[in-house]
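> give me the fold of what follows.
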Amino acid sequence: MKQLLDVPAPAKLNLFLHITGQRPDGYHLLQSVFMLIDWCDTLHFEKRAGGAISRQDLTVTLPADDLIIRAAKLLQQHTGCTHGVHISVDKQIPAQAGMGGGSSDAASCLLALNQLWGLNLHLETLEKLGLQLGADVPFFLRGRNAWVEGVGEKLTPVALPPAHFCVIKPPSGVETAQLFKHPSLERATKPATMLVFAAQPYDFGHNDLQPVARTICPEVTEALDVLKLAGMTGKMTGSGSAVFAHCTPNTMSIVVPDHWQVRKCSNLEVHPLQGWATSMS
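Numbers count the residues shown, from 1 in each chain. Model (predicted):
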């Protein structure tokens, strides 16, 4: 039986997240830079006959109908494929962290099954499917660090110098919807330019969601204080409770309370699965 083993699904960090406005339909306009890092989930795929889709959780127990299962079913329905698959998941990226773990898993699933099932769909088709699963999925499918605008759908590749980051995830999570509907959320940050960002990519901007998150989840403040005590200026990533700081290769290990996660990560120039689907352009 054909297999694809050790398929990586990397996390991302938001180097900044500015909310520049809000559309009449309620969606927020934003600017951000999404950067891939080497904190990864690992997925294993085994092709099955009969069309059945199943999943085995090797570490963390995931919801029954998580984004991996939904991605596989969506691809099957879109193509009429009669093959099935058994997926084993080594989940390492924490949930509700703002690191895009679920979206990354979905993207790697689409790319892997496109190969395993012999579908040969173009990247653009996978992106349209991915957008039905989550706003961040197309970013992981494209597989390059990106300047992000609009409601998250406008992606422009950016080159970033190699760097190291200390990432801390406290046990508590933050719900995205709770942050974006909060009355004290800043929704009118002045738009920035890629040129200004490029001059100081790892010291640029802020996260407009961070002040609200600190009121909802005190552990965000505690995590930022841990980085400050270590001589680093921290920032929340995305809409979760994980925080990060640019560090040096020689940065000493950070001590965190029990049940917290801390990791020193490197950024990635491209996604490990770059080229697994071809573009029409």
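
> the chain: strands as residue ranges?
Assigned by DSSP state E, the strands in the chain fall at 3-22, 28-48, 53-57, 84-90, 146-149, 154-157, 164-169, 235-236, 243-247, 261-266.

> now mean pLDDT, distance to Leu116 and mean neighbour count too, for those strands, in a markdown table please.
Yep, even glycine has a C-beta here, placed from its N, CA and C like the rest. Shown next, in a markdown table, are the strands of the chain (pLDDT from 0 to 100; distance: least, CB to CB, whole Å; neighbours: other CB atoms under 10 Å):
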| stretch | mean pLDDT | distance to Leu116 | mean neighbour count |
| --- | --- | --- | --- |
| strand 3-22 | 97 | 5 | 21 |
| strand 28-48 | 97 | 5 | 21 |
| strand 53-57 | 98 | 12 | 15 |
| strand 84-90 | 98 | 7 | 19 |
| strand 146-149 | 97 | 27 | 20 |
| strand 154-157 | 96 | 26 | 13 |
| strand 164-169 | 98 | 31 | 24 |
| strand 235-236 | 98 | 36 | 26 |
| strand 243-247 | 97 | 34 | 23 |
| strand 261-266 | 96 | 29 | 17 |
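
> quick check: pLDDT value at Ser281.
Confidence at Ser281, expressed as pLDDT, is 76.

> which ones are touching it?
Glu124 (CB atoms under 8 Å, 6 or more residues apart in numbering).

> max-length helix in the protein?
What stands out as the longest helix in the chain, according to DSSP state H, is helix 101-116.

> pretty sure Lys91 contacts Gln56?
No - judged on CB atoms under 8 Å, Lys91 makes no contact with Gln56 at a distance of 11.2 Å.

> just give the number of residues close to Leu62.
Neighbour count of Leu62, defined by other CB atoms under 10 Å: 17.

> I'd say it and Arg55 touch.
Yes - counting by CB under 8 Å, Arg55 is a contact partner of Leu62 at 7.3 Å.

> let's check: the centremost residue of the protein is which one?
In the chain, the residue lying closest to the centroid (CA atoms, centre = their mean) is Gly100, at 2.1 Å.

> hmm, back to that, how about the strands of the chain in TSV, adding distance to Pro183?
Formatted as TSV, these follow (distance: least, CB to CB, whole Å):
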stretch	distance to Pro183
strand 3-22	13
strand 28-48	14
strand 53-57	38
strand 84-90	38
strand 146-149	25
strand 154-157	27
strand 164-169	27
strand 235-236	19
strand 243-247	24
strand 261-266	31
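
> circling back: the longest helix of the chain versus strand 28-48: what angle between them?
Going by axes from the mean of the first three to the mean of the last three CA atoms, to 10 degrees, helix 101-116 is angled at 40 degrees with respect to strand 28-48.
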